[in-house]
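sequence? don't have it. structure:
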């Protein structure tokens, strides 16, 4: 990564995570801290949507304005209690084995799909496609994360992977038990956040790293953001929602009604973190 000096890492966090990240990015840019010129963007789940939008040249203020629009007929999704129970059981049975945990979560996702508890794969591809400003991989360096539902193998997808951008982002956003696994090269993939909330270690080797993490800790053996950045020699800034942001996001990160307050909270938080982020990015 010798030519990738600055990395922007965008973590997972559902619909509200997308909104909070965009709000924060817009607020930072307003204060002269523009993170959109990153040499490398790493996106996980919600962050893959934001990363694809940014690297495709989307205007931050336009993206922010979209987050303020009423949710209209869009319904809130939610992980069912049975899925939550299965997730907890996967944590207990895996005993710190992260690959085993991911395989069990993948199996949960496949069972939910087979039982008709998720939308169809094509429906999800259509939804994700509608959120992106381009269906083509950007020329800039963008890495999107996903996990093989059968093997638990982690995969980082980019423009050289041969996987269509919409497919890659949909796979990264395939929350197990809520959305269906997505087919990539004949295999089924689920949310990249099943390895880590942000997969910040993919920025190892960069000189300056900023991590926007709606969620900083995962469950079970999933690596935390702090653990992944602790060994970096780079200048690093990690930003997660403050108290106002957490209240705006609420308990259901997949609720479109929380999109606007989450975006507004992210933008407001930029005031207090701009100096910290600027020190890591340009200081």
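Cool, got the structure. Predicted, not measured: the structure shown is a model, and the values here were computed from it. Residues are numbered from 1 along each chain as shown.

quick one: the lengthiest strand in the chain to chain centroid distance?
Counting by DSSP state E, the longest strand found in the chain is strand 141-148. The chain centre lies 10 Å from the centre of strand 141-148; the measure is Cα atoms, centre = their mean, to the nearest Å.

ok, now stretch 38-46?
In terms of Cα atoms, centre = their mean, the gap separating the centre of stretch 38-46 from the centre of its chain is 8 Å.

got it, and stretch 252-259?
With Cα atoms, centre = their mean, you get 15 Å for stretch 252-259.

buried stuff in it?
252-256, 258-259 (16 or more other Cβ atoms under 10 Å). C-beta coordinates here come from the backbone N, C-alpha and C atoms, glycine included.

what are the ranges of the strands in the stretch 51-200 of the chain?
141-148, 154-157, 182-184, 187-191 (DSSP state E, counting those that start in this stretch).

CSV for these, including mean pLDDT and distance to residue 37?
What follows is the strands of the stretch 51-200 of the chain, written out as CSV (pLDDT from 0 to 100; distance: least, Cβ to Cβ, whole Å):
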stretch, mean pLDDT, distance to residue 37
strand 141-148, 98, 12
strand 154-157, 98, 22
strand 182-184, 98, 29
strand 187-191, 97, 28
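
using CSV, lay out these together with mean neighbour count.
Shown next, in CSV, are the strands of the stretch 51-200 of the chain (neighbours: other Cβ atoms under 10 Å):
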stretch, mean neighbour count
strand 141-148, 26
strand 154-157, 20
strand 182-184, 20
strand 187-191, 25
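
nearest to residue 267 among those would be which one?
Closest approach to residue 267 among those (Cβ to Cβ): strand 141-148, 23.5 Å.

in its sheet, what does the closest one sit against?
Next to strand 141-148 in the sheet, as set by DSSP bridges, lie strand 40-43 (parallel), strand 154-157 (antiparallel), strand 187-191 (antiparallel).

and the next element down the chain from the last one?
Reading on from strand 187-191 to the C-terminus, the next helix or strand found by DSSP states H and E is strand 208-212.

need the contact list for the residue lying closest to residue 6 once chain neighbours are set aside.
Among residues not flanking residue 6 along the chain, residue 208 sits closest, at 4.5 Å (Cβ to Cβ, 6 or more residues apart in numbering). Counting by Cβ atoms under 8 Å, 6 or more residues apart in numbering, residue 208 touches 5-7, 234-236, 280-282.

quick one on the thing from earlier: format the strands paired with strand 141-148 as CSV; extra columns: distance to residue 139.
Shown next, in CSV, are the strands paired with strand 141-148 (distance: least, Cβ to Cβ, whole Å):
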stretch, distance to residue 139
strand 40-43, 12
strand 154-157, 16
strand 187-191, 24
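
right, and those strands - which one's nearest residue 265?
The nearest among those, by Cβ to Cβ, is strand 40-43 at 20.6 Å.

residue ranges with poor pLDDT in the stretch 51-200 of the chain?
Residue ranges of the stretch 51-200 of the chain with pLDDT under 70: 73, 78-96.

what about the helices in it?
In the stretch 51-200 of the chain, helices defined by DSSP state H, counting those that start in this stretch lie at 60-67, 81-94, 98-114, 121-131, 165-172, listed in chain order.

give me whichever of those helices is most buried.
The highest average neighbour count among the helices of the stretch 51-200 of the chain, using mean count of other Cβ atoms under 10 Å, belongs to helix 165-172 at a mean of 28.

what angle separates that helix from strand 187-191?
Interaxial angle, helix 165-172 versus strand 187-191 (axes from the mean of the first three to the mean of the last three Cα atoms, to 10 degrees): 60 degrees.

who's in contact with helix 165-172?
With Cβ under 8 Å, 6+ apart, helix 165-172 has contacts from 43-45, 48-49, 52, 121, 124-125, 128-129, 132, 134-137, 144-146, 157, 159, 161, 163, 181-184, 189-193.

A strand includes residue 227, no?
No. Counting by DSSP: H, G, I helix; E, B strand; the rest coil, residue 227 falls outside a strand, being helix.
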